[in-house]
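Asks: only geometry, no sequence info:
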Ligand SMILES: O=C(O)CCC(=O)C(=O)O
Ligand SMILES: [Fe+2]
(Lines give C-alpha, C1' and ligand atoms only; values in the text may rest on other atoms or scores of the structure.)
(Ligands and ions follow the chains in the order given, each with its own letter.)
Protein backbone atom coordinates (compact mmCIF):
# COMPACT_ATOMS: atom_id res chain seq x y z
CA UNK A 1 0.00 0.00 0.00
CA UNK A 2 1.35 3.46 -0.80
CA UNK A 3 2.52 5.00 2.50
CA UNK A 4 0.73 8.28 2.00
CA UNK A 5 -2.71 6.65 2.13
CA UNK A 6 -2.55 6.67 5.93
CA UNK A 7 -1.59 10.33 5.81
CA UNK A 8 -4.61 11.12 3.65
CA UNK A 9 -6.86 9.37 6.10
CA UNK A 10 -5.33 11.29 9.00
CA UNK A 11 -6.23 14.47 7.19
CA UNK A 12 -9.70 13.17 6.53
CA UNK A 13 -10.24 12.44 10.20
CA UNK A 14 -8.82 15.83 11.15
CA UNK A 15 -11.21 17.54 8.77
CA UNK A 16 -14.12 15.55 10.14
CA UNK A 17 -13.32 16.19 13.77
CA UNK A 18 -13.29 19.92 13.04
CA UNK A 19 -16.69 19.60 11.52
CA UNK A 20 -17.93 17.63 14.52
CA UNK A 21 -21.57 17.07 15.29
CA UNK A 22 -23.71 14.10 14.53
CA UNK A 23 -23.69 11.94 11.44
CA UNK A 24 -26.32 14.08 9.75
CA UNK A 25 -24.27 17.23 10.42
CA UNK A 26 -21.14 15.92 8.73
CA UNK A 27 -20.80 17.30 5.21
CA UNK A 28 -19.81 15.04 2.33
CA UNK A 29 -16.06 14.57 2.56
CA UNK A 30 -15.38 15.62 -0.99
CA UNK A 31 -17.04 18.97 -0.31
CA UNK A 32 -14.67 19.82 2.52
CA UNK A 33 -11.59 18.13 1.17
CA UNK A 34 -11.03 18.28 -2.59
CA UNK A 35 -7.85 16.13 -2.37
CA UNK A 36 -9.96 13.20 -1.27
CA UNK A 37 -10.51 12.04 -4.83
CA UNK A 38 -6.83 11.09 -5.06
CA UNK A 39 -7.11 8.88 -2.01
CA UNK A 40 -10.25 7.28 -3.35
CA UNK A 41 -8.58 6.56 -6.67
CA UNK A 42 -5.61 4.94 -4.92
CA UNK A 43 -7.85 2.74 -2.82
CA UNK A 44 -9.94 1.66 -5.81
CA UNK A 45 -6.80 0.90 -7.82
CA UNK A 46 -5.53 -1.39 -5.06
CA UNK A 47 -8.93 -3.01 -4.69
CA UNK A 48 -9.55 -3.59 -8.36
CA UNK A 49 -6.00 -4.61 -9.23
CA UNK A 50 -3.57 -6.69 -7.25
CA UNK A 51 -3.60 -7.59 -4.36
CA UNK A 52 -7.33 -6.83 -4.21
CA UNK A 53 -7.25 -5.45 -0.70
CA UNK A 54 -5.94 -2.39 1.14
CA UNK A 55 -4.93 -2.03 4.79
CA UNK A 56 -5.04 1.48 6.21
CA UNK A 57 -2.94 1.32 9.33
CA UNK A 58 -3.14 3.04 12.69
CA UNK A 59 -5.82 5.52 11.73
CA UNK A 60 -6.54 8.06 14.44
CA UNK A 61 -10.26 7.24 14.46
CA UNK A 62 -9.97 5.64 17.89
CA UNK A 63 -8.63 8.84 19.39
CA UNK A 64 -12.02 10.41 18.67
CA UNK A 65 -15.08 9.87 20.80
CA UNK A 66 -16.89 6.64 20.00
CA UNK A 67 -19.96 8.50 18.75
CA UNK A 68 -17.89 9.70 15.77
CA UNK A 69 -16.57 6.27 14.72
CA UNK A 70 -19.66 5.16 12.88
CA UNK A 71 -20.29 8.56 11.28
CA UNK A 72 -16.74 8.72 10.01
CA UNK A 73 -16.72 5.17 8.72
CA UNK A 74 -19.87 5.96 6.78
CA UNK A 75 -18.28 9.07 5.35
CA UNK A 76 -15.19 7.09 4.32
CA UNK A 77 -17.39 4.38 2.80
CA UNK A 78 -19.53 6.77 0.84
CA UNK A 79 -16.49 8.33 -0.81
CA UNK A 80 -15.93 4.89 -2.37
CA UNK A 81 -19.51 4.04 -3.29
CA UNK A 82 -22.81 3.25 -1.66
CA UNK A 83 -22.82 1.55 1.75
CA UNK A 84 -25.29 -1.35 1.75
CA UNK A 85 -27.71 -2.33 4.46
CA UNK A 86 -27.58 -5.76 6.08
CA UNK A 87 -31.29 -6.38 5.51
CA UNK A 88 -33.53 -8.11 8.03
CA UNK A 89 -35.66 -6.78 10.83
CA UNK A 90 -32.89 -4.59 12.27
CA UNK A 91 -31.30 -3.59 8.98
CA UNK A 92 -28.03 -1.74 9.57
CA UNK A 93 -25.35 0.02 7.56
CA UNK A 94 -22.69 -0.72 10.15
CA UNK A 95 -22.59 -4.18 11.66
CA UNK A 96 -20.75 -5.02 14.88
CA UNK A 97 -18.69 -8.16 14.47
CA UNK A 98 -18.37 -9.41 18.05
CA UNK A 99 -19.17 -12.55 20.03
CA UNK A 100 -22.68 -12.12 21.53
CA UNK A 101 -23.57 -13.57 24.91
CA UNK A 102 -27.25 -12.63 24.87
CA UNK A 103 -28.66 -14.72 22.02
CA UNK A 104 -32.00 -16.54 22.47
CA UNK A 105 -31.90 -20.34 22.67
CA UNK A 106 -32.30 -22.03 19.30
CA UNK A 107 -30.84 -19.01 17.49
CA UNK A 108 -27.94 -20.03 15.23
CA UNK A 109 -25.28 -17.30 15.49
CA UNK A 110 -23.47 -16.28 12.30
CA UNK A 111 -19.67 -16.04 12.28
CA UNK A 112 -20.09 -12.35 13.12
CA UNK A 113 -21.95 -13.19 16.32
CA UNK A 114 -19.61 -15.79 17.77
CA UNK A 115 -15.95 -16.44 18.51
CA UNK A 116 -13.79 -19.03 16.73
CA UNK A 117 -12.42 -19.30 13.20
CA UNK A 118 -14.37 -18.21 10.11
CA UNK A 119 -13.90 -20.29 6.98
CA UNK A 120 -12.94 -18.51 3.77
CA UNK A 121 -16.03 -16.97 2.16
CA UNK A 122 -17.37 -13.94 0.31
CA UNK A 123 -19.91 -11.62 1.93
CA UNK A 124 -23.49 -11.00 0.81
CA UNK A 125 -23.56 -14.18 -1.28
CA UNK A 126 -27.26 -14.25 -0.46
CA UNK A 127 -27.84 -11.01 -2.37
CA UNK A 128 -28.55 -10.91 -6.09
CA UNK A 129 -25.72 -8.38 -6.40
CA UNK A 130 -23.15 -8.75 -3.57
CA UNK A 131 -21.43 -5.44 -2.77
CA UNK A 132 -17.99 -5.16 -4.38
CA UNK A 133 -16.17 -4.15 -1.20
CA UNK A 134 -16.11 -5.23 2.44
CA UNK A 135 -14.67 -2.77 4.96
CA UNK A 136 -13.60 -3.97 8.40
CA UNK A 137 -12.56 -1.47 11.07
CA UNK A 138 -10.75 -2.94 14.06
CA UNK A 139 -11.91 -1.38 17.33
CA UNK A 140 -10.40 -4.13 19.56
CA UNK A 141 -8.46 -7.04 18.10
CA UNK A 142 -8.55 -10.37 19.95
CA UNK A 143 -5.76 -10.72 22.53
CA UNK A 144 -4.59 -13.66 20.43
CA UNK A 145 -5.74 -15.00 17.03
CA UNK A 146 -8.67 -13.63 15.02
CA UNK A 147 -6.30 -12.68 12.17
CA UNK A 148 -7.70 -11.94 8.71
CA UNK A 149 -7.23 -14.56 5.97
CA UNK A 150 -7.41 -13.69 2.27
CA UNK A 151 -7.41 -15.83 -0.86
CA UNK A 152 -7.60 -14.53 -4.43
CA UNK A 153 -9.96 -16.34 -6.82
CA UNK A 154 -7.18 -16.47 -9.45
CA UNK A 155 -4.93 -18.41 -7.08
CA UNK A 156 -7.82 -20.68 -6.18
CA UNK A 157 -8.77 -21.24 -9.82
CA UNK A 158 -5.21 -22.12 -10.71
CA UNK A 159 -5.25 -24.90 -8.10
CA UNK A 160 -8.78 -26.02 -8.97
CA UNK A 161 -8.21 -26.31 -12.71
CA UNK A 162 -4.78 -27.95 -12.53
CA UNK A 163 -6.36 -31.42 -12.81
CA UNK A 164 -9.05 -33.07 -14.93
CA UNK A 165 -11.44 -33.57 -11.99
CA UNK A 166 -11.06 -29.97 -10.88
CA UNK A 167 -11.76 -28.72 -14.39
CA UNK A 168 -14.95 -30.80 -14.50
CA UNK A 169 -15.95 -29.41 -11.10
CA UNK A 170 -15.26 -25.87 -12.34
CA UNK A 171 -17.72 -26.42 -15.20
CA UNK A 172 -20.44 -27.34 -12.71
CA UNK A 173 -19.54 -24.48 -10.39
CA UNK A 174 -20.01 -21.89 -13.13
CA UNK A 175 -23.11 -23.46 -14.68
CA UNK A 176 -25.23 -24.88 -11.86
CA UNK A 177 -27.18 -22.62 -9.54
CA UNK A 178 -26.38 -23.09 -5.86
CA UNK A 179 -28.77 -21.95 -3.11
CA UNK A 180 -27.23 -19.44 -0.66
CA UNK A 181 -29.35 -19.30 2.50
CA UNK A 182 -29.93 -15.87 4.01
CA UNK A 183 -28.44 -15.81 7.56
CA UNK A 184 -31.06 -15.77 10.32
CA UNK A 185 -29.99 -12.31 11.47
CA UNK A 186 -30.77 -10.82 8.05
CA UNK A 187 -34.01 -12.59 7.16
CA UNK A 188 -37.10 -10.50 6.72
CA UNK A 189 -38.99 -12.81 9.05
CA UNK A 190 -36.70 -14.87 11.19
CA UNK A 191 -38.88 -17.96 10.88
CA UNK A 192 -38.92 -18.13 7.09
CA UNK A 193 -35.93 -19.79 5.45
CA UNK A 194 -34.88 -17.79 2.40
CA UNK A 195 -32.18 -18.28 -0.20
CA UNK A 196 -30.75 -16.79 -3.38
CA UNK A 197 -29.77 -19.16 -6.21
CA UNK A 198 -26.61 -18.30 -8.16
CA UNK A 199 -23.54 -19.88 -9.70
CA UNK A 200 -20.35 -19.96 -7.58
CA UNK A 201 -18.12 -18.66 -10.39
CA UNK A 202 -19.29 -16.00 -12.83
CA UNK A 203 -18.08 -12.83 -14.48
CA UNK A 204 -19.32 -10.54 -11.70
CA UNK A 205 -18.78 -11.51 -8.98
CA UNK A 206 -15.87 -13.71 -10.03
CA UNK A 207 -16.59 -15.83 -6.96
CA UNK A 208 -19.57 -16.11 -4.63
CA UNK A 209 -18.95 -18.63 -1.89
CA UNK A 210 -19.95 -19.59 1.59
CA UNK A 211 -19.95 -23.29 2.31
CA UNK A 212 -22.33 -23.37 5.29
CA UNK A 213 -24.83 -21.07 3.50
CA UNK A 214 -24.97 -23.49 0.56
CA UNK A 215 -25.39 -26.54 2.80
CA UNK A 216 -28.26 -24.72 4.52
CA UNK A 217 -29.63 -23.76 1.09
CA UNK A 218 -29.56 -27.41 -0.02
CA UNK A 219 -31.79 -28.24 2.97
CA UNK A 220 -34.24 -25.48 2.03
CA UNK A 221 -34.40 -26.53 -1.64
CA UNK A 222 -33.25 -30.16 -2.07
CA UNK A 223 -33.94 -29.93 -5.83
CA UNK A 224 -30.75 -27.89 -6.17
CA UNK A 225 -28.73 -30.46 -4.20
CA UNK A 226 -28.02 -32.62 -7.23
CA UNK A 227 -25.26 -35.23 -7.14
CA UNK A 228 -23.14 -33.08 -9.47
CA UNK A 229 -23.66 -29.94 -7.40
CA UNK A 230 -22.71 -31.72 -4.15
CA UNK A 231 -19.65 -33.30 -5.77
CA UNK A 232 -18.45 -30.01 -7.29
CA UNK A 233 -18.95 -28.21 -3.98
CA UNK A 234 -17.00 -30.90 -2.08
CA UNK A 235 -14.21 -30.70 -4.66
CA UNK A 236 -14.02 -26.90 -4.34
CA UNK A 237 -14.03 -26.89 -0.54
CA UNK A 238 -11.25 -29.47 -0.48
CA UNK A 239 -9.16 -27.38 -2.88
CA UNK A 240 -9.75 -24.32 -0.66
CA UNK A 241 -8.54 -26.29 2.37
CA UNK A 242 -5.48 -27.46 0.43
CA UNK A 243 -4.71 -23.95 -0.78
CA UNK A 244 -4.12 -22.76 2.81
CA UNK A 245 -0.40 -22.29 2.09
CA UNK A 246 -1.30 -19.68 -0.54
CA UNK A 247 -3.63 -17.80 1.80
CA UNK A 248 -2.47 -14.34 2.94
CA UNK A 249 -2.69 -13.56 6.64
CA UNK A 250 -3.07 -10.02 8.01
CA UNK A 251 -2.74 -9.39 11.76
CA UNK A 252 -4.67 -6.15 12.15
CA UNK A 253 -4.31 -3.78 15.09
CA UNK A 254 -6.73 -1.42 16.82
CA UNK A 255 -7.47 1.52 14.52
CA UNK A 256 -6.73 -0.35 11.28
CA UNK A 257 -9.15 -0.57 8.37
CA UNK A 258 -9.05 -3.32 5.77
CA UNK A 259 -10.94 -2.94 2.48
CA UNK A 260 -11.44 -6.19 0.57
CA UNK A 261 -12.55 -6.79 -3.03
CA UNK A 262 -15.60 -8.95 -2.34
CA UNK A 263 -16.04 -9.98 -5.97
CA UNK A 264 -12.61 -11.61 -6.28
CA UNK A 265 -11.24 -12.43 -2.84
CA UNK A 266 -12.37 -14.89 -0.21
CA UNK A 267 -11.81 -13.77 3.36
CA UNK A 268 -11.94 -15.48 6.73
CA UNK A 269 -10.26 -15.37 10.14
CA UNK A 270 -8.17 -17.58 12.37
CA UNK A 271 -9.48 -18.99 15.64
CA UNK A 272 -9.92 -16.75 18.70
CA UNK A 273 -11.67 -16.90 22.08
CA UNK A 274 -11.41 -13.31 23.35
CA UNK A 275 -15.04 -12.15 23.73
CA UNK A 276 -13.93 -8.50 23.79
CA UNK A 277 -12.87 -8.60 20.10
CA UNK A 278 -14.83 -5.93 18.18
CA UNK A 279 -14.79 -5.01 14.49
CA UNK A 280 -17.17 -2.71 12.64
CA UNK A 281 -18.13 -3.95 9.19
CA UNK A 282 -19.54 -2.11 6.19
CA UNK A 283 -20.26 -3.38 2.72
CA UNK A 284 -19.90 -0.93 -0.11
CA UNK A 285 -21.33 -1.07 -3.61
CA UNK A 286 -18.48 0.48 -5.62
CA UNK A 287 -20.29 0.51 -8.99
CA UNK A 288 -21.65 4.01 -8.42
CA UNK A 289 -19.76 7.26 -8.91
CA UNK A 290 -18.05 8.06 -5.62
CA UNK A 291 -19.48 10.59 -3.24
CA UNK A 292 -23.03 10.29 -4.48
CA UNK A 293 -24.17 7.93 -1.76
CA UNK A 294 -27.60 8.34 -0.28
CA UNK A 295 -27.37 6.10 2.73
CA UNK A 296 -29.92 7.61 5.04
CA UNK A 297 -33.01 7.52 2.87
CA UNK A 298 -34.53 4.05 2.64
O1 LIG B 1 -14.31 -11.49 12.07
C2 LIG B 1 -13.68 -11.28 11.05
O3 LIG B 1 -12.48 -11.05 11.05
C4 LIG B 1 -14.35 -11.33 9.72
C5 LIG B 1 -15.82 -11.28 9.84
C6 LIG B 1 -16.47 -11.50 8.53
O7 LIG B 1 -15.98 -12.14 7.65
C8 LIG B 1 -17.77 -10.87 8.27
O9 LIG B 1 -18.26 -10.16 9.14
O10 LIG B 1 -18.32 -11.10 7.19
FE1 LIG C 1 -17.16 -11.90 5.84
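Replies: Right, received. Where do you want to start? Computed from a prediction, not measured in an experiment: that's the story for all the values here. Numbers count the residues shown, from 1 in each chain. Ligands and ions are numbered 1, 2, ... in the order given.
Asks: which residue is the nearest non-sequential neighbour of residue 225?
Replies: Leaving aside its sequence neighbours, residue 225 sits nearest to residue 218 (CB to CB, 6 or more residues apart in numbering; 3.8 Å). Yep, even glycine has a C-beta here, placed from its N, CA and C like the rest.
Asks: how far is the helix or strand hosting that neighbour from where the chain is centred?
Replies: Per DSSP states H and E, residue 218 falls inside helix 211-220. For helix 211-220, the separation from the chain centroid amounts to 19 Å (computed by CA atoms, centre = their mean, to the nearest Å).
Asks: what do you get for stretch 193-203?
Replies: Offset of stretch 193-203 from its chain centre (CA atoms, centre = their mean): 16 Å.
Asks: ok, stretch 169-181 next?
Replies: Here the centre of stretch 169-181 is set off from its chain's centre by 21 Å, with CA atoms, centre = their mean.
Asks: can you check stretch 173-192 too?
Replies: That offset, for stretch 173-192, works out to 16 Å (CA atoms, centre = their mean).
Asks: distance between the ends of stretch 206-222?
Replies: Criterion CA to CA, to the nearest Å; first-to-last residue distance in stretch 206-222 is 25 Å.
Asks: near ligand 1, which residues of the stretch 151-298 of the chain are found?
Replies: When proximity is defined by CB under 6 Å from any ligand atom, the stretch 151-298 of the chain lies next to ligand 1 at 267, 269, 279, 281.
Asks: what sits against the first one?
Replies: Applying CB atoms under 8 Å, 6 or more residues apart in numbering to residue 267 gives the contacts 120, 121, 122, 123, 134, 148, 149, 150, 151, 260.
Asks: any chance you could read off phi and psi for residue 38?
Replies: Residue 38 adopts backbone torsions of phi -70, psi -40, taken as degrees, to the nearest 10.
Asks: count the neighbours of it for me.
Replies: If you count neighbours by other CB atoms under 10 Å, residue 38 ends up with 12.
Asks: which residue packs closest to the residue in the chain positioned nearest to ligand 1, ignoring adjacent ones?
Replies: Going by CB to the nearest ligand atom, ligand 1 is nearest to residue 269 of the chain, at 3.7 Å. Nearest in space to residue 269, with sequence neighbours left out and distances taken as CB to CB, 6+ apart, is residue 118 at 4.6 Å.
Asks: is it true that the one you found touches residue 268?
Replies: Yes - using CB atoms under 8 Å, residue 118 is in contact with residue 268, at 4.7 Å.
Asks: rewinding a little: want to throw the contacts of residue 267 into TSV with pLDDT and secondary structure?
Replies: Shown next, in TSV, are the contacts of residue 267 (pLDDT from 0 to 100; DSSP: H, G, I helix; E, B strand; the rest coil):
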residue	pLDDT	secondary structure
120	97	strand
121	98	strand
122	98	coil
123	96	coil
134	98	strand
148	98	strand
149	98	strand
150	97	strand
151	97	strand
260	97	strand
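Asks: give me the PyMOL select line for those residues, limited to the buried ones.
Replies: Applying 16 or more other CB atoms under 10 Å to those leaves a buried subset, and the PyMOL line that selects it is:
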select buried, resi 120+121+122+123+134+148+149+150+151+260
